[in-house]
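K.L.:
following is a predicted model, sequence given first.
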Amino acid sequence: MKKEKSPITQYRTKIVATLGPASSTEDVIRDLVIAGADVFRLNFSHGAHEDHAERYRTIRKVEEELGCPVGILADLQGPKLRVGTFRDGEITLEEGQPFRFDLDKTPGDKTRVCLPHQEIIDAASESTTLLLNDGRLRLTVTKTGPDFIETKVVNGGQLSDRKGVNVPDMELGIPALTEKDRKDLAFALELGVDFVALSFVQRPEDVLEARDIIGGKAWLVSKLEKPQAIKRLEAIMEASDAVMVARGDLGVELPPETVPLAQKRIVRLARQSGKPVIVATQMLESMITTPVPTRAEASDVATAVFDGADAVMLSAESAAGEYPREAVSMMNRIIGAVEQDESWRSLIQAGCPEPERYVADAIAGAAHQVAHTLNAAAIVAFTRSGPTALRIARERPGCTIFGITPTPETARRLALVWGVHPAISNPDTQKVTMESVVSAAIKIVSEHENIKPDDTLVIAAGMPFGVSGSTNTLRVVTIPRAAG
């Protein structure tokens, strides 16, 4: 992977951009990286495997050309709950009317429709809620049977073929990985993606099943979009490598006024746990069709940055919108404006968690404190699989973090992590000394125009080098002046 001498232009909060029909060419993908995208999302709810493979190859080509690690996230579709079809294509449900869901595949009418999910019928009980068409229609269960549910319409409206169903009050016996997901996951891992996002997680067992299949080939991102997941947040966080605040379905299944509180809780716990957290869905949605966002959308992105999220995500804005470049650039501008505000630094520091009682955490906390005291230009974390950089990022230091690793795979994963500027170094682990680590750090950091002679570096590493989880050494060095 080629490295070029360049300024450190990325801000600390990272950007995940979804690729799609509007952003699949090499020129657009290159423009998105230059505009600020750090990770690209391949949405397996749409597109054929061939489409995703071509986008993967294009990202890697652009990565090589620009000389910067770029992460790739495969987002699995997960189980989709939908009603059947209607005789006339759609109906109108009126408040107070009865409506029946059953297993009969005959096209429905104003009195009934097929619900081809026995799991919902089995889990339903009197007074539980069904939400249809992204929550626009609300129905309450009045009676259940072995193959049907009787309901009463609370909020009516139009309902058409195969609209989605949400069941916020029910825990369903549906696995998080469908047969399609398993095929998509095998294909994504074969491609070599860096992250896999698991949709509609309800319980930690869902995460552990996927983790067993992935086998360490990628970081596992749990999408938090079900009330049941929020109730088990700590256990799901523990089982995951990273999490996503997926506010689409979460915003349907939770009362709207509670979604911001859930977002803040998730971000806070992720930071305490040292796990990357992505805030996603509808962040700049108006930019699908307009070149500028609403003021509310700009505030939404800013709030996620103020909260300390590792990354913010664009969905349709970059995948299918008319202004993908402008959307990434605008998100980057909002991030930059927030991170240059004095109150942002105060809020980030106020939320700094206490180091855990491990040597590696103590070293990370000390690196942060030493860098602050000495006004260091950068903290350099030597890491094989990422934990050292993650621990230092958890401290949210005021200077740049260089995550130096011997493997491109780890460098690409670190592209998601708050404040980390990933770089690759390939030392002979049999001959590495602290002096050679210092020399490598100075060489890599000095390639960036933001780092000057006489700047101070704080270096965290583990000896013996190359042993995961062995961070035990802290060194302070000064960038030397060139000879002559």
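P.N.:
Great, that's in hand.
K.L.:
now for Val292, how many residues are close by?
P.N.:
14 (other CB atoms under 10 Å). Using the backbone N, CA and C atoms, a C-beta is placed for each residue, glycine as well.
K.L.:
right, and it touches Ser329 too?
P.N.:
No: the pair Val292 / Ser329 is not scored as a contact, 11.0 Å apart, by CB atoms under 8 Å.
K.L.:
now stretch 47-65: mean pLDDT?
P.N.:
The average pLDDT within stretch 47-65 is 97.
K.L.:
CA-only coordinates of it in PDB, if you can.
P.N.:
C-alpha atoms of stretch 47-65 as PDB (Å, rounded to 0.1, in the frame of the first residue of the first chain):
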ATOM      1  CA  GLY A  47     -27.700  -5.200  -5.100                       C
ATOM      2  CA  ALA A  48     -26.200  -8.500  -6.400                       C
ATOM      3  CA  HIS A  49     -23.000 -10.000  -5.200                       C
ATOM      4  CA  GLU A  50     -21.400  -9.000  -8.500                       C
ATOM      5  CA  ASP A  51     -22.200  -5.300  -7.700                       C
ATOM      6  CA  HIS A  52     -20.700  -5.500  -4.300                       C
ATOM      7  CA  ALA A  53     -17.600  -7.300  -5.600                       C
ATOM      8  CA  GLU A  54     -17.000  -4.600  -8.200                       C
ATOM      9  CA  ARG A  55     -17.400  -1.800  -5.600                       C
ATOM     10  CA  TYR A  56     -15.000  -3.700  -3.300                       C
ATOM     11  CA  ARG A  57     -12.400  -3.800  -6.000                       C
ATOM     12  CA  THR A  58     -12.800  -0.200  -6.800                       C
ATOM     13  CA  ILE A  59     -12.400   0.900  -3.200                       C
ATOM     14  CA  ARG A  60      -9.200  -1.100  -2.900                       C
ATOM     15  CA  LYS A  61      -7.900   0.500  -6.200                       C
ATOM     16  CA  VAL A  62      -8.600   4.000  -4.800                       C
ATOM     17  CA  GLU A  63      -7.100   3.100  -1.500                       C
ATOM     18  CA  GLU A  64      -3.900   2.100  -3.200                       C
ATOM     19  CA  GLU A  65      -3.800   5.200  -5.300                       C
END
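K.L.:
in the stretch 151-300 of the chain, which spans are helices?
P.N.:
Using DSSP state H, counting those that start in this stretch, the helices of the stretch 151-300 of the chain run over 179-191, 204-214, 227-231, 233-239, 247-253, 259-273, 295-307.
K.L.:
what is the first one packed up against?
P.N.:
It refers to helix 179-191. Here helix 179-191 touches helix 49-66, strand 71-75, strand 195-198, helix 204-214, going by 3 or more CB pairs under 8 Å, 6 or more residues apart in numbering; DSSP states H and E.
K.L.:
buried residues in it?
P.N.:
Across helix 179-191, burial judged by 16 or more other CB atoms under 10 Å covers 181, 184-185, 188-189, 191.
K.L.:
which of those lies closest to Ser127?
P.N.:
When these are compared for distance to Ser127 (CB to CB), Asp181 wins out at 32.1 Å.
K.L.:
so that closest one sits against Lys80, correct?
P.N.:
No: with contact defined as CB under 8 Å, Asp181 does not count as touching Lys80 (10.6 Å).
K.L.:
got any residues that touch both of the two?
P.N.:
Here Asp181 and Lys80 have no joint contacts, going by CB atoms under 8 Å, 6 or more residues apart in numbering.
K.L.:
Glu435: neighbouring residues, count only.
P.N.:
Neighbours of Glu435 under the rule other CB under 10 Å: 9.
K.L.:
low-confidence ranges, the protein, go.
P.N.:
Scanning the chain for pLDDT under 70 picks out 1-10, 427-432, 464-470, 483-484.
K.L.:
can you list the domain ranges for it.
P.N.:
14-78+175-340, 90-166, 359-478 (automatic domain parsing).
K.L.:
any chance of a markdown table for those domains, columns distance to Gly84?
P.N.:
Output for the domains of the chain, formatted as a markdown table (distance: least, CB to CB, whole Å):
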| stretch | distance to Gly84 |
| --- | --- |
| domain 14-78+175-340 | 18 |
| domain 90-166 | 3 |
| domain 359-478 | 39 |
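K.L.:
now for those, which one comes closest to Ser346?
P.N.:
Of all the domains of the chain, domain 14-78+175-340 comes closest under CB to CB, at 10.3 Å.
K.L.:
before we move on, the earlier item: how about the helices of the stretch 151-300 of the chain in TSV, adding distance to Gly164?
P.N.:
Converted to TSV, the helices of the stretch 151-300 of the chain look like this (distance: least, CB to CB, whole Å):
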stretch	distance to Gly164
helix 179-191	16
helix 204-214	20
helix 227-231	16
helix 233-239	23
helix 247-253	9
helix 259-273	18
helix 295-307	23
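K.L.:
backbone dihedrals for Trp418, please?
P.N.:
Here is the backbone geometry of Trp418 (degrees, to the nearest 10): phi -50, psi 130.
K.L.:
need the contact list for the nearest residue to it once chain neighbours are set aside.
P.N.:
Distances taken as CB to CB, 6 or more residues apart in numbering put Asp310 closest to Trp418, at 4.3 Å, once the chain neighbours are dropped. Shown in contact with Asp310 (CB under 8 Å, 6+ apart): 13-14, 242, 270, 276-278, 393, 416-418.
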